[in-house]
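Novice: Got a sequence here, can you model it:
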Amino acid sequence: MIRLTAVPLALLAALPVLAAVPTAEAAAPAYTMKALKLTVTVASESALSSARQTCIIDADLFTPAGTSKAHPAPAILATNGFGGSKADQDGLGAAYAKKGYVVLSYSGLGFGSTPTSPGSGSGCKITLDDREHDGAAGSQLIDFLGGIKKADDGTSIDYVKRDAVAHDGKAHPGDVRVGMVGGSYGGEIQFAVAGVDPRLDTIIPLITWNDLSYSLAPNNTSLGANNSVTYTTPGTEKIDWVTLFSTLGFADGLQGVVANTDPTRAVGCPNFADEACVAMASLATLGYPTDDVLAFARNASVHSYLDKITIPTLLGQGQADTLFNLHEATATYTALKARKVPVKMIWQQWGHSHGALPGEFDLTKPDSNYEGRVITQWFDHYLMDKGPAPALDFTYYQPWKDKGDAAKAFTSAPAYPLGGTTTLYGSGTALTPVRSAIVAATSTIAAPAGGVPLSYTETSALDQSQPVRDLPGATTTLSTGPLAKDLPVIGIPTATLQLSSPTASVSQAAGPAGQLVAFVKLYDVAPDGTIVLANRVISPIRVADISKPVEVTLPGTVHLFPKGHSLKLVVSLTDAAYKGNNLAQSLTLSTSKAAPTTLTLPGPVAAAGAAKPAAVPTPSAPGVVTSPGTSLPVTGSSTTLPLLGLAALALVAVRRRRSA
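Specialist: Residues are numbered from 1 along each chain as shown. You can find the predicted model right below:
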């Protein structure tokens, strides 16, 4: 298996789906491949300008043998993840060309330059997959597939299967049968294209976002209804992830200058639209998004135009993903399903924090793995009019059932959620299924000013090998006793916390800078005290009003708490991967019969009722720090601000983008 600790940037840019095709397969005469440049026209990079700009797209066209105007084939459009290039789709292009699809693979705007290859990569700057730039560029690539636009060398094609009517019920020039597939940045672009072009027939966005403001600065309280991840109270910055993205984007821009692809990418904000530099500098300085930053991020998010997505959509999201977690796909799935858009959701294991397992996912050899077969069936039905309709269900990977072939560990339910919940109540230091048995109690923790981390869960994108650690006094917890039998938790748990904080009760009136920040997580504690934090995913919260009960959405999960283990609800004031409180804070967690702290577990989890409501002491064992003065792994230091400072000062103030 591929671990992000071994190849962190490769997984971001080149996902397991997009590895290079083996040499022996590339030699097969089943298709031809031609490199192309295509000039597209998109909006200005500045929100202050109504001018248009041209960008040169670097693309590869894969054509199946025997394809012609008389024998047309459907098409697949694909682009790279953040920091990648068209080369990442070489294996996908070859595999699906052999299956009879025309594949147009391209480097996204601002990506793909190689210093040793003059003119490589695509021009213009990174605009985070919005509709005005990336969506418009993708639409013009459909023009090329439809024969109404030529490549820069004059290449024109007429052999992609035609449709008489698009998904808006109207006839359009160049309307061809075309779908899209890709992951992360190459996933969100599909929504952007579908949001502007009714000719697109189906999309398969993998491990991508619903609301980028939630992805980069989450707040798991004050969320909207129906599994929404869009909050009303600003979240807190994911330091490592924001730093990584800014660094990758800058580096690709410098490579573009060396390769002479587009020297203007180094002017002003390096390789990002000016608004992005201002937004990143603001986030790094404050630790939370301002209204302007929220507007910028949400403009580049499908959340803001879900009503325009009407085509069959296959969503795949990773359980092992601390960047775009399971909530993101669930929010999109719920909204599309409510509007009766054909949608299927898969919760696979692989994501930005871990590579695919054997038998799980590889589109260079799609017939050899579970998700490859599902994706092929999806495209065959919606693009080739071949085979049965795919099940529009909820499919999920169960790690405890994987014996070496991940394909055998997937199971399905008619829809998400599975149905059924179990509520546990805080009682003393315990969790009990019986409300009448609650014993009133309080527990207080404190943290110094400046967000100095006292808890560690991961070094985002780089390392999850270090044990989860909490320094003494850093957390307040509620725990079940040893479970009487295995407890599968499948879905998104929730908690109601009864909190108080003397500092925050006064400072919260000043807005986000004075509001309490905390982190909520769910530990699986073995009898020897070893801790498992499933996939290292946690729930940051920023509390707008500490005087009210705090409703928390915990990380989505598919995890088996084994018999004999304990389930522990943990609240801390810091985490090394996130910005914390600016002020020194104390937090008190309380529970009583009148105002209980509760944990609600999703899915068929009646076994939780068998948990003994006994208090569990803080364990002293591998996976937890209990000795005073023990340090945490180094993480969370943001280089974003010094990198962005000079560029941000040179830019004009951000103005909200016009919605398309």
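
Novice: Tell me how far Thr54 lies from Ala94.
Specialist: 30 Å (CB to CB, to the nearest Å). Yep, even glycine has a C-beta here, placed from its N, CA and C like the rest.

Novice: ok, those two, which is more surrounded?
Specialist: Neighbour comparison, Thr54 and Ala94: the larger count goes to Ala94, with 23 against 10 (by other CB atoms under 10 Å).

Novice: May I have the phi/psi pair for the residue nearest to Ala474 when sequence neighbours are not counted?
Specialist: Residue nearest to Ala474 in three dimensions, not counting chain neighbours: Leu454, with 3.7 Å by CB to CB, 6 or more residues apart in numbering. Per-residue torsions, Leu454: phi -110, psi 0 (degrees, to the nearest 10).

Novice: Same check on Ser301?
Specialist: Taking degrees, to the nearest 10 as the convention, Ser301 sits at phi -130, psi 140.

Novice: same check, this time on Phe394
Specialist: phi -110, psi 120.

Novice: give the contact list for the residue nearest to it when sequence neighbours are not counted.
Specialist: Using CB to CB, 6+ apart and skipping the chain neighbours, the partner closest in space to Phe394 is Tyr416 (4.0 Å). For Tyr416, the contacting residues are 330, 333-334, 345, 394, 491, by CB atoms under 8 Å, 6 or more residues apart in numbering.

Novice: Just the ones of the residues you listed in helices?
Specialist: Residues of the contacts of Tyr416 located in helices (DSSP state H): 330, 333-334.

Novice: Most neighbours among those residues, please name it.
Specialist: Thr330 (25 neighbours).

Novice: List the residues that contact it.
Specialist: Thr330 neighbours (CB under 8 Å, 6+ apart): 227, 317, 345, 416, 492, 556.

Novice: so which strand or helix has the residue nearest to Phe394?
Specialist: Counting by DSSP states H and E, no helix or strand carries Tyr416.

Novice: what about it, distance to Leu326?
Specialist: Taking CB to CB, one finds Tyr416 at 10 Å from Leu326.

Novice: One more: Gly428?
Specialist: Between Gly428 and Leu326 the computed distance is 32 Å (CB to CB).

Novice: now swap in Ile531 and tell me
Specialist: Taking CB to CB, one finds Ile531 at 21 Å from Leu326.

Novice: Quick check: Pro414 touching Asp393?
Specialist: Yes. Assessed by CB atoms under 8 Å, Pro414 is found in contact with Asp393 at 5.6 Å.

Novice: can you list the ones in helices among the contacts of Tyr416 in a markdown table and add pLDDT and distance to Glu237?
Specialist: Putting the ones in helices among the contacts of Tyr416 into a markdown table (pLDDT from 0 to 100; distance: CB to CB, whole Å) gives the following:
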| residue | pLDDT | distance to Glu237 |
| --- | --- | --- |
| Thr330 | 98 | 23 |
| Tyr333 | 98 | 27 |
| Thr334 | 98 | 26 |
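
Novice: Closest one to Val176 out of those residues, please.
Specialist: Closest approach to Val176 among the ones in helices among the contacts of Tyr416 (CB to CB): Tyr333, at 27.3 Å.

Novice: need the contact list for the closest one.
Specialist: 227, 315, 343, 345, 394, 416.

Novice: ok, what's across the strand from the nearest residue to it once chain neighbours are set aside?
Specialist: Beyond its immediate neighbours in the sequence, the residue positioned closest to Tyr333 (CB to CB, 6+ apart) is Met345, lying 4.4 Å away. Assessed by DSSP bridges, Met345 has beta-bridge partners Leu315, Phe394.

Novice: Count the residues that sit near Met345.
Specialist: Neighbours of Met345 (other CB under 10 Å): 24.

Novice: so how far is Gly556 from it?
Specialist: In terms of CB to CB, Met345 sits 11 Å off from Gly556.

Novice: now the ones in helices among the contacts of Tyr416 as a markdown table including distance to Asp402?
Specialist: Below are these laid out as a markdown table (distance: CB to CB, whole Å):
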| residue | distance to Asp402 |
| --- | --- |
| Thr330 | 22 |
| Tyr333 | 24 |
| Thr334 | 27 |
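
Novice: Mind giving me the packing neighbours of the lengthiest helix in the chain?
Specialist: Looking across the chain with DSSP H, the single longest helix is helix 239-258. When contacts are defined as 3 or more CB pairs under 8 Å, 6 or more residues apart in numbering; DSSP states H and E, helix 239-258 packs onto helix 8-14, helix 212-216, helix 274-286, helix 640-649.

Novice: Identify all contacting residues around the shortest one.
Specialist: Outside of helix 212-216, the residues within contact range by CB under 8 Å, 6+ apart are 128, 209, 229-231, 235, 237-238, 241-242, 245, 283, 289, 293-294, 297-298, 300-301, 323-324, 327-328.

Novice: That helix: how far from the chain's middle?
Specialist: Relative to its chain's centre, helix 212-216 lies at 9 Å (CA atoms, centre = their mean, to the nearest Å).

Novice: Quick one: end-to-end length of stretch 435-451, please.
Specialist: 35 Å (CA to CA, to the nearest Å).

Novice: ah, wrong one, I meant stretch 161-176
Specialist: 6 Å.

Novice: Could you pull out the buried residues of it?
Specialist: 161, 163, 166-167, 172, 174-176 (16 or more other CB atoms under 10 Å).

Novice: Return the member of those residues nearest to Ala440.
Specialist: His167 (57.5 Å).

Novice: mind listing what that closest one touches?
Specialist: Neighbouring residues of His167 by CB under 8 Å, 6+ apart: 198-201, 310-311.

Novice: secondary structure class for it?
Specialist: When classified by DSSP: H, G, I helix; E, B strand; the rest coil, His167 comes out as coil.

Novice: Identify the residue nearest it in space, chain neighbours excluded?
Specialist: His167 sits nearest to Pro198 (CB to CB, 6+ apart), 4.8 Å away.

Novice: can I assume the one you found is in contact with Lys170?
Specialist: Yes. Judged on CB under 8 Å, Pro198 makes contact with Lys170 at a distance of 7.2 Å.
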